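> Kindly generate the corresponding structure for this input.
(one chain, ligands or ions: 2)
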Amino acid sequence: MTTWIHCNSCYRNYSRDYQFYMLNCSHILCHGCLQSQVIAKRNECKWCKRPVRYRKICKEIFIEN
Ligand SMILES: [Zn+2]
Ligand SMILES: [Zn+2]
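Ligands and ions are numbered 1, 2, ... in the order given. You can find the predicted model right below:
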């Protein structure tokens, strides 16, 4: 169903068993990568090098968008 979503860092596929986040720069990270790469760098996207906001990806996003 939503297998087109995957972590842009480790390429783990989206699943309901694992939390994923979408950054405002449109990059997608899984929970583990967000912790190690975004939060550790003070909310800086590793690719964009800019401060980022992020929100959880959940099935509601796919309904709205
Ligand atoms: Zn990841
Ligand atoms: Zn980014």
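> which residues touch the closest residue in space to Ile57 that isn't next to it in sequence?
Leaving aside its chain neighbours, Ile57 sits nearest to Phe20 (4.3 Å; criterion: Cβ to Cβ, 6 or more residues apart in numbering). In this view, the C-beta of every residue, glycine as well, is placed from N, C-alpha and C. Phe20 sits next to Ile5, Cys7, Tyr14, Ile28, Leu29, Cys30, His31, Lys56, Ile57 when contact means Cβ atoms under 8 Å, 6 or more residues apart in numbering.
> Compute the number of surrounding residues for the closest residue to the first one other than its chain neighbours.
This means Ile5. Excluding the flanking residues, the one nearest Ile5 by Cβ to Cβ, 6+ apart is Tyr14, at 3.8 Å. Close neighbours of Tyr14, defined as other Cβ atoms under 10 Å, add up to 18.
> Give me the distance between Tyr14 and ligand 1.
Between Tyr14 and ligand 1 the distance, using Cβ to the ion, to the nearest Å, works out to 10 Å.
> Then Cys30?
Cys30 is 3 Å from ligand 1, by Cβ to the ion.
> again with Asn24
18 Å.
> ok, now Ser26?
On the measure of Cβ to the ion, Ser26 and ligand 1 end up 16 Å apart.
> Please settle this for me: is that residue part of a helix?
No - under DSSP: H, G, I helix; E, B strand; the rest coil, Ser26 falls outside any helix and is assigned coil.
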